[in-house]
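Novice: model the structure of this input:
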Amino acid sequence: MRRMTISRLALGTALGLLAVSAHAASVSRLTPPSELFASGTADPIISRFLPGQRFDLQATIRPDEGDSVVSFEFFVDGAWVNGPLPVGGGTNDSRLARNSLVTETGAADTCLRDGKTTGASGCVLAAGLPSNAAVVSFRGYSSYSGGVHQFKVNARTANGRTISANGNFEVVGLANGGRTAKNIIILVGDGMGAAHRTAARVMAKGYAQGKARGKLAMDTFPYSGQVMTASLNSIVTDSAPGMANYVSGNKANNNEEGVWPDDTLAAFDNPRMEYLAEYLHMLQGKSLGIVTTADVFDATPAANAVHTSARGNGTGIVDQFLDDRSKTGLSVLLGGGRKWFLPNPGGSTSPQPVNGSQRSARNDYVLPADIVNGWGAAVGKLDPERDLIGDFVSAGFAYAPDNTALNAAFARGTPDKLLGLFAYSNMNVSYDKIAARRGNSEVVDAFGFPDQPMLDDMTDKALKVLSRNPKGFVAMIEAASIDKQAHLMDTDRWIHDVIEFDRAIAVAKRFAEQNPDTVVIVTADHECSGAAIIGAATVSAAQLAADKLAGKSVVGIYEAARFPRYTMGADGYPVTTNIDNKMLIGYGANADRYENWLPNRFPTRDTQQPFPPAQSPANPSVRNKDEGALITGQVAGDQAAHTGSDIPLSAFGLGAGYFTGTFDNTDVFFKLGQIAVGGVE
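Specialist: This next block holds a predicted model:
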């Protein structure tokens, strides 16, 4: 790879997309994305930013065959972005170090282009590009000038040709005045649509003659809206942009976190946009807390602090949590994922190291100089042997490997920073954690980690730590297994996880009541599985168990469904979900499964675990085989899929009134920016 520092760079006005072919000079990608570039129309505005929010400018240039790019400029509203070449010993413009020009090193056999070998080992640019293409970048641009701006790239070639393209973006101004929120709490029920919320209410509260006997904590929030969840490249998002869109104000591609797509193969060099936590840490000194029941490398937690185009690159993701903490203010990280923090001196995960480590150089990174200079980011290192837990502790974090240690840490006083890693990968789901606490000997062994905290306990501890910062905080708290169990169509488990999530919501609401300079929102990154409450069983639990092949013949719809009555235990969870007249859930985005409407004894195998329990069924297509009626699916594979449905959002606290109506997920970022920076009248 050849990465050059270019003497001039800038931005400006004008036309649309040039025709793209292997032999015609053109700009085939311009970032940030815009309709002005894509279609030649100015609306809608795709990319929007808060005043001073940083983002990268990038273009992919395709010169004529036999030509090459030698320099480039970006302009915004006709003004150059950077200054002249630095002069040794004089006053240098540091922006020059934020430029880069990336090309292939040459026509090596491993990287032949133009239809011969594309995207092969040894290449640095993506498949389908001509061998003389170039990706040009300026890192960490920002503007404080409100309104719509036009930008332009000019690329000059060795043959004296200038190749140009134009796009636009908007800087969204803030109304100043009024109280500002000190604390922001974002509670994400991953995959939680309206039906998931309703099902939890039916189970936890019950109904009498058509009236709910009580409300969930999330039901008591006074303001609500409906969120459109599409990603940059699909009407159906995955969790990476589903979360990142909320906290960056910009659309990202599926699989990508805090970046836009580009035409290089590296996973950590994509053009970035600044996260809410980064922005508010830079502006106000706020801390960041991330709490999840998933592996902490997973898409939703990572998409609050990590910039990568590959959500699965666990080693680099968790390294970035620590190494860029001075940019994000990270002070709390709680969840699963210990496998990424344990040293792996051999660097191989096949065979699986006995300590459970899955650190690997293959999913780690070393950043290019332009990103380091433009963002002040840590360079990174390919270091599977790293003891990341030790490095967190050296950085001042108290470490808790289990619930007992978590409580002990607070018995000594509230720590300034907190790391908790309670499983090798995803934490156990609440259905099984509660069963274990009740002494059910048949429960899964929690993947070898039986002493795991509940989400409401984790939330309480996180808020106590974050409250130590007098400048406030941003907290993201995720109930991850609503989504994971909905994918697996394990109804009883995902409903349990919604109930666990609601208990965490109650903790956050109490905090906001005691700290009125706090705004709390409850939402989801997307809906998962097309879940629907289709009715209830017309037979007893004993009859369901006796006739496991009954299938749809026992589904009571309309008045035959009546009102299922669950009994709640002292721990706040159902004594059993296997009741007479049991609520039944159908799935509109389902894969094949065998259904007997009974609770599944064991959770479906979690392939993220280094040592998955042998007794867990491999997937829903074999779970309950010969013990349930086959329900054929509408999607391929063995898991239910996400859907493109709008999802509900509930808000409480300072500025909660901004969250009404129907709005895009990126709008949430600007509403939070107004509340935290501009203020609320």
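Novice: which residue packs closest to Thr660, ignoring adjacent ones?
Specialist: Gly225 (5.1 Å; C-beta to C-beta, 6 or more residues apart in numbering). From N, CA and C alone the C-beta is placed, and that goes for glycine too.
Novice: right, and the secondary structure at that neighbour would be what?
Specialist: On the three-state scheme (DSSP: H, G, I helix; E, B strand; the rest coil), Gly225 is labelled strand.
Novice: Gly657 is in contact with that one, correct?
Specialist: No - Gly225 is beyond contact range of Gly657, at 10.4 Å (criterion: C-beta atoms under 8 Å).
Novice: shared neighbours, the two?
Specialist: Ala651 (C-beta atoms under 8 Å, 6 or more residues apart in numbering).
Novice: show me the helices in the stretch 51-200 of the chain, by range?
Specialist: 194-204 (DSSP state H, counting those that start in this stretch).
Novice: just for the stretch 51-200 of the chain, where's the confidence low?
Specialist: Within the stretch 51-200 of the chain, the stretches with pLDDT under 70 are 82-94, 105-121.
Novice: ranges for the strands of it?
Specialist: Listed in chain order, the strands of the stretch 51-200 of the chain (DSSP state E, counting those that start in this stretch) span 55-62, 69-76, 79-80, 99-103, 134-141, 147-157, 162-171, 183-189.
Novice: residues contacting the residue nearest to Thr660?
Specialist: Contacts for Gly225 were tallied using C-beta under 8 Å, 6+ apart; they are Pro648, Leu649, Ala651, Phe659, Thr660, Gly661, Thr662, Phe663.
Novice: immediately after the helix or strand containing the first one, which helix or strand?
Specialist: To tie it back to what came earlier, the one meant is Pro648. Pro648 is part of strand 647-653 when elements are defined by DSSP states H and E. Next helix or strand after strand 647-653 toward the C-terminus (DSSP H and E): strand 661-664.
Novice: tell me the buried residues in that next one?
Specialist: Phe663, Asp664 (16 or more other C-beta atoms under 10 Å).
Novice: with stretch 157-164 instead?
Specialist: Residues of stretch 157-164 classed as buried under the neighbour-count rule (16+ other C-beta under 10 Å) are Thr157, Ile163, Ser164.
Novice: dump the residues you listed to JSON lines, plus distance to Gly678.
Specialist: Listed next are those as JSON lines, based on distance: C-beta to C-beta, whole Å:
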{"residue": "Thr157", "distance to Gly678": "45"}
{"residue": "Ile163", "distance to Gly678": "40"}
{"residue": "Ser164", "distance to Gly678": "36"}
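Novice: turn the strands of the stretch 51-200 of the chain into JSON lines, columns for distance to Pro599.
Specialist: JSON lines is the format used below for the strands of the stretch 51-200 of the chain (distance: least, C-beta to C-beta, whole Å):
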{"stretch": "strand 55-62", "distance to Pro599": "48"}
{"stretch": "strand 69-76", "distance to Pro599": "58"}
{"stretch": "strand 79-80", "distance to Pro599": "64"}
{"stretch": "strand 99-103", "distance to Pro599": "53"}
{"stretch": "strand 134-141", "distance to Pro599": "52"}
{"stretch": "strand 147-157", "distance to Pro599": "54"}
{"stretch": "strand 162-171", "distance to Pro599": "50"}
{"stretch": "strand 183-189", "distance to Pro599": "21"}
